[in-house]
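J.: Pasting the sequence and the predicted coordinates here, then a few questions.
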Amino acid sequence: MTVSPQTPEGVGSLVGRTPLVHLEVDDIPTGVSLWAKLEGFNPGGSVKDRPAWWMLREGMRSGALAPGKTIIDSTSGNTGIALAMFGAALGYPVELVLPANCSEERKHIVRAYGAQIIESDPLEGSDGAILACRERYAAAPERYFKPDQYFNPANPLAHFESTGPEIWEQTQGRVTHFLAGIGTGGTIMGTGRYLKKRNPGIGIVAVEPDDAFHGIEGLKHMASSIVPGIYHEEELDRKMPVGTDDAYDYSVRLARDHGLLVGQSSGAAFAAALRLARELEEGVIVFILCDSGERYLSTRLFL
């Protein structure tokens, strides 16, 4: 018998309340502190557990997700893992469209939960997965529930209602800057809105690849991509580009200098946070470490 994630025993009750850790870094001004939000501590191992759970709950509340439906969405990996996990717990089949070059570990995890993978053109990245998923959904819309993470307002709402309040509480309201990578835009939008509501002076900084042809899984170069409907750049205070090599190098630095094994999008966030820290005289910078590096060990990340 499946235990519903809506009960205290369910996996949905484990989402959020992730730790915030202070990083001791020598090469930044003494008045600046760096804090990393460890989203790999979510039950599915990434920040994407939050929007996945919020979107599915809203689907069940509205009746759009009902018995007999199959959950389908496009993903670069982590949202797919979260949907596969919750789908298994709720008793719904799951189909996921992923770029074929998504790390093997993430594919294995998705399949371990019993979800079906449809691979899209690796050269088209997450945009190719979005388009392929739209085609599959359009062929049989009555069969599917599509959370549509790039356009679903429940995605940023998850961060407005959970990530933002957690950061505010964990820093006792001292946070001065918040950084997160841009994938769907949900993390930076929702968390940023909450923090701005508490203190309009907090700087909201988005981190993105510095080039359309990059190797940072999970992040989008917005100028060359399908722009998610939930992403509103005018709400940001700043965007900071990071190169693929820097993202990889700083992921390795997090592992070897701080004991934090994370993916390359987290390395990009760390690189940007350090660059910002060196521009300030004082401040409390919080940035998101999206997931664990264990799901990238087959890639060249840690070679």
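T.: Thanks, I have the structure now. Since the model is a prediction, treat every value here as computed from it, not as a measurement.

J.: from here on, contacts and neighbour counts on C-alpha atoms
T.: Noted.

J.: I'd like the distance between residue 41 and residue 113.
T.: Computed as CA to CA, to the nearest Å, the residue 41 to residue 113 distance reads 18 Å.

J.: Residue 13 belongs to a helix, doesn't it?
T.: Yes. Under DSSP: H, G, I helix; E, B strand; the rest coil, residue 13 sits within a helix.

J.: Can you tell me how far it is from residue 108?
T.: For residue 13, the distance to residue 108 - CA to CA - is 24 Å.

J.: Same question for residue 63.
T.: Counting by CA to CA - residue 63 and residue 108 are separated by 31 Å.

J.: same thing with residue 218?
T.: 17 Å.

J.: neighbour count winner among residue 63 and residue 108?
T.: residue 108 (15 against 11; other CA atoms under 10 Å).

J.: Run through the residues that contact the more buried one.
T.: Not one residue lies near residue 108 by CA atoms under 8 Å, 6 or more residues apart in numbering.

J.: name the element it belongs to?
T.: helix 104-112 (DSSP states H and E).

J.: next structured bit after that helix?
T.: Counting by DSSP H and E, the next helix or strand C-terminal to helix 104-112 is strand 116-120.

J.: just the helices in the stretch 1-150 of the chain please.
T.: Assigned helices in the stretch 1-150 of the chain, in chain order: 49-62, 78-90, 104-112, 125-139 (criterion: DSSP state H, counting those that start in this stretch).

J.: Just name the shakiest helix or strand of this protein by mean pLDDT.
T.: Within the chain, no helix or strand scores below helix 125-139, which has a mean of 92 by mean pLDDT, DSSP states H and E.

J.: who does it touch, helix- and strand-wise?
T.: On a contact count with 3 or more CA pairs under 8 Å, 6 or more residues apart in numbering; DSSP states H and E, helix 125-139 meets strand 70-74, strand 94-99, strand 116-120.

J.: Run the chain-centre distance for that helix.
T.: 20 Å (CA atoms, centre = their mean, to the nearest Å).

J.: Okay, buried residues for it please.
T.: Counting neighbours by 16 or more other CA atoms under 10 Å, one finds that the buried residues in helix 125-139 are 125, 126, 127, 128, 129, 130, 131, 132, 133, 134, 137.

J.: then that helix to CSV, C-alphas only?
T.: The C-alpha trace of helix 125-139 is given here as CSV (Å, rounded to 0.1, in the frame of the first residue of the first chain):
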residue,chain,number,x,y,z
GLY,A,125,19.8,21.0,-24.8
SER,A,126,16.8,21.8,-22.6
ASP,A,127,15.0,23.7,-25.4
GLY,A,128,15.0,20.6,-27.5
ALA,A,129,13.5,18.7,-24.6
ILE,A,130,10.8,21.3,-24.1
LEU,A,131,9.8,21.1,-27.8
ALA,A,132,9.8,17.3,-27.9
CYS,A,133,7.7,17.2,-24.7
ARG,A,134,5.2,19.6,-26.2
GLU,A,135,4.8,17.3,-29.3
ARG,A,136,4.3,14.2,-27.1
TYR,A,137,1.7,16.0,-24.9
ALA,A,138,-0.2,17.5,-27.9
ALA,A,139,-0.6,14.0,-29.4
